[in-house]
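A.B. asks: Dropping the sequence and predicted coords here.
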2 protein chains.
Amino acid sequence: MAEPEWESLEQCLEKHLPPTDLREVKRLLYGKETRKLDLPSQALECAAEGDFELQGYAFEAAEEQLRGPRTVRVGLVQNRIPLPAEAPVAKQVSALHRRIEAIVEVAAMCGVNIICFQEAWTMPFAFCTREKLPWTEFAESAEDGPTTRFCQKLAKKHNMVVVSPILERDGAHGDVLWNTAVVISNSGAVLGKTRKNHIPRVGDFNESTYYMEGNLGHPVFQTQFGRIAVNICYGRHHPLNWFMYSVNGADIIFNPSATIGALRPGRLSAVAAQGRASVWLGSGNPFLSFFSHSESMWPIEARNAAIANHCFTCAINRVGKEHFPHEFTSGDGKKAHKDFGYFYGSSYVAAPDSSRTPGLSRTRDGLLVAELNLNLCRQVNDVWNFKMTGRYDMYARELAEAVQPDYRPHIVRE
Amino acid sequence: MAEPEWESLEQCLEKHLPPTDLREVKRLLYGKETRKLDLPSQALECAAEGDFELQGYAFEAAEEQLRGPRTVRVGLVQNRIPLPAEAPVAKQVSALHRRIEAIVEVAAMCGVNIICFQEAWTMPFAFCTREKLPWTEFAESAEDGPTTRFCQKLAKKHNMVVVSPILERDGAHGDVLWNTAVVISNSGAVLGKTRKNHIPRVGDFNESTYYMEGNLGHPVFQTQFGRIAVNICYGRHHPLNWFMYSVNGADIIFNPSATIGALRPGRLSAVAAQGRASVWLGSGNPFLSFFSHSESMWPIEARNAAIANHCFTCAINRVGKEHFPHEFTSGDGKKAHKDFGYFYGSSYVAAPDSSRTPGLSRTRDGLLVAELNLNLCRQVNDVWNFKMTGRYDMYARELAEAVQPDYRPHIVRE
């Protein structure tokens, strides 16, 4: 299992492969090369001072006769929690606001038009604990909570659309919680909100202890810089979720996430090093734990969604390890523990032409700036025609049948 | 653009990376390591004599109390056409039968239970030509054509399920053609057939010149060794196609394909080497051609399908270049040409736990043997729960609305 301190796939390949082979490997892995952006030196200096990674890449499209290039710069932010999870709630929120404010300043220097933060960005990812207090105190109103007001100021100051994924307290509906992304226009107005549609029940996390599946469908937000949607975290495993955002016209789908690598690197490395997992199967458990990490899915899912839906996707993950004051359990024979592994960062942007940027670091805070020419979406659509050849009427019919309780799968027997 | 003679990603990484880094890179790229199978030396010798690659890998699952391991060996065959496309039809078919017969012999030595050949395996992939004769003469009855009879003999002799993707002539329905896979039981009986559901209209290929979208839905075949389905070629771009096979209970979905790398490697390499495509955009065309190749999609799509649907997927592609007697065109300002690029092989198996085998060669004929413990499907299903958390009733409703001609996308405006 790749340990957290192993920085990134890209760094390793660049260190060891001869230039010609590196080019071929990158092309097979990442498609057409993305151009590195020439970012302002002031931004690079600020990022170095602020101890976060700053990378920039551009995706280009063919020229058209009737439409000019529709160029937009998106910013993806990944970060660790600056204060320990034990710190007072208000101090943690404040420290996160300050951290993000500094990163957004740099994004503004880089000309970012739309920025998206990580899932539940104002808090540690405490949903493993099964405790309500103090964690539910991080919840806020999507419409006028302190974090939304903070983001509105940023949006107005920098003329930037801000996508702010938070834990929402829904005062209008019985004070329930939701996992929500608030979309704030570059005018500073709250454009709307969207909610996490699919909830994990995996390993340490059954997040339905805190909130239920979103009830807002698949809204797409028309911003000045393009049509965007937000597929929160676990929704990336569900191709239909990406698909419906695309059907509703999204050019860019953000996927703010919080997802982890190996649960118990030590023992699992031993399993992996063995090459044969079967020797460990007596207990059954290490093996099951082994495949409840997501790192080898990460480069696949958002990228497949960009390809399948002719749109850009922006995959954002946290970094670092978060320690909680009280023990919690996840089953599979593991002892109670106070942390659940490490968030492996690796945020990236994928394009409809199957190319992608390199990933940000697996361990450091970072800002990824990507310049997208949105014309690429329709151009690839017109070449590959997945929507035109999609036969969605057939699938609407088949799916409607398949969800019936008495559905009989179409199985051919000898 | 990776040229055809560049053998494989895996070979390159293994040549250049130090062992520790290689292990990390492979784990990030391919998930949990698959165990190399110990194949019989006789099989390896026969493959060497027959000049085809032979690789074998095993995917394991946890032990269960009530079910024993459900182990099955699948074989994926990739090959070039042994005779030129100009040779007489009967001779070409016969040469392909002989080639496949030899490879199946080796598969039998390796204990393969289910084997799948590449798309339209009895013929050159002539659908670019737009000519009817002689190419439509390769079409055969799925039920009792010479190729089906040939496969029945193989199936019975080797106690092996044979998936035989052919161009079908449908005598019972006005002699139309279909792109069909015939599934032959290890008993030798024709278990049934399934048809390509999605048809490309890309670059050199509009295959609807020859056949229409399949009308058989998403059948799954219950064989002695497990439930299998066949998603032919272009259907791999459509997540809903994979999904419906999975809903119908497939443990293994084969994806016999014929898909190509760069259309004009010379000029496109120049575009790529430039790093900036925009300088070429005056004509618009090279850029568009550039993203009408599929090689960077190939490792993503079948693997995403295995993850999203908790099943195994087997991606099979041809190798080699095929030259046709008469010129054909594909637009995009390209001159008429007699070949459309190279099939890049790279056949692989992907597992529900997001691991995968290395790919076969990009250039050589090959047989990939994979031992699958089908129990892994339900085990991963129970850990990740994508079906349980899939909310398919919501999507059935949304999709039914979305296909209405007067559908209004859900767009939020300021």
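C.D. replies: Structure received.
A.B. asks: Once you drop chain neighbours, what's closest to residue A:127?
C.D. replies: Nearest non-adjacent residue to residue A:127, counting by Cβ to Cβ, 6 or more residues apart in numbering or on different chains: residue A:207, 4.7 Å away. In this view, the C-beta of every residue, glycine as well, is placed from N, C-alpha and C.
A.B. asks: Phi, psi for that neighbour please.
C.D. replies: Backbone torsions of residue A:207, given as degrees, to the nearest 10, read phi -70, psi -10.
A.B. asks: How much space separates it from chain B?
C.D. replies: Distance, residue A:207 to chain B, by Cβ to the nearest Cβ, to the nearest Å: 11 Å.
A.B. asks: again, but for residue A:57
C.D. replies: Separation of residue A:57 from chain B (Cβ to the nearest Cβ) stands at 11 Å.
A.B. asks: go on, residue A:171?
C.D. replies: According to Cβ to the nearest Cβ, residue A:171 and chain B sit 21 Å apart.
A.B. asks: quick one on the thing from earlier: wait, the residue nearest to residue A:127 sits on residue A:126?
C.D. replies: No - applying Cβ atoms under 8 Å, one finds residue A:207 not in contact with residue A:126, separated by 10.4 Å.
A.B. asks: From chain B, how far off is residue A:221?
C.D. replies: 5 Å.
A.B. asks: mind checking the SS state of residue A:87?
C.D. replies: coil (DSSP: H, G, I helix; E, B strand; the rest coil).
A.B. asks: Which residue is the nearest non-sequential neighbour of it?
C.D. replies: residue A:95 (7.7 Å).
A.B. asks: ok, that neighbour - how many residues close by?
C.D. replies: Neighbour count for residue A:95, taken as other Cβ atoms under 10 Å in any protein chain shown: 15.
A.B. asks: go on, residue A:381?
C.D. replies: Residue A:381: 17 surrounding residues under other Cβ under 10 Å.
A.B. asks: buried ones in the helix or strand where it lies?
C.D. replies: Per DSSP states H and E, residue A:381 falls inside helix A:375-384. Across helix A:375-384, burial judged by 16 or more other Cβ atoms under 10 Å in any protein chain shown covers A:375, A:376, A:377, A:378, A:379, A:380, A:381, A:383, A:384.
A.B. asks: Up against chain B, what does the stretch 101-250 of chain A have?
C.D. replies: A:183, A:185, A:187, A:189, A:191-192, A:197-203, A:213, A:217-223, A:227, A:234, A:237-240, A:243-244, A:247-249 (Cβ under 8 Å from any Cβ of the partner chain).
A.B. asks: Return a ChimeraX selection command for the buried portion of those residues.
C.D. replies: The buried subset of these, as determined by 16+ other Cβ under 10 Å, is captured in ChimeraX by this line:
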select /A:183,185,191,192,197,198,199,200,202,203,213,218,219,220,221,222,223,227,234,237,238,239,240,243,244,247,248,249
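A.B. asks: Show only the entries of the residues of the stretch 101-250 of chain A next to chain B found in strands.
C.D. replies: A:183, A:191, A:192, A:201, A:202, A:220, A:221, A:222, A:223, A:227 (DSSP state E).
A.B. asks: As CSV, those residues with pLDDT would be great.
C.D. replies: Formatted as CSV, those follow (pLDDT from 0 to 100):
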residue, pLDDT
A:183, 98
A:191, 98
A:192, 98
A:201, 92
A:202, 88
A:220, 98
A:221, 98
A:222, 98
A:223, 98
A:227, 98
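A.B. asks: Let's have the residues you listed in a markdown table, adding distance to residue B:303.
C.D. replies: Formatted as a markdown table, these follow (distance: Cβ to Cβ, whole Å):
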| residue | distance to residue B:303 |
| --- | --- |
| A:183 | 31 |
| A:191 | 35 |
| A:192 | 34 |
| A:201 | 23 |
| A:202 | 19 |
| A:220 | 28 |
| A:221 | 31 |
| A:222 | 34 |
| A:223 | 33 |
| A:227 | 28 |
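A.B. asks: For residue A:254, state which of those is nearest.
C.D. replies: Nearest to residue A:254 among those is residue A:183, at 9.5 Å by Cβ to Cβ.
A.B. asks: for that closest one, what are its contacts?
C.D. replies: Contact analysis of residue A:183 by Cβ atoms under 8 Å, 6 or more residues apart in numbering or on different chains lists A:161-164, A:190-194, A:221, A:223, A:228, A:230, B:412.
A.B. asks: got the contact list for the closest residue in space to residue A:345 that isn't next to it in sequence?
C.D. replies: Nearest residue to residue A:345, sequence neighbours excluded (Cβ to Cβ, 6+ apart): residue A:319, at 4.0 Å. For residue A:319, the contacting residues are A:78-80, A:342-345, A:361-366, by Cβ under 8 Å, 6+ apart.
A.B. asks: Fine by me, we can end here.
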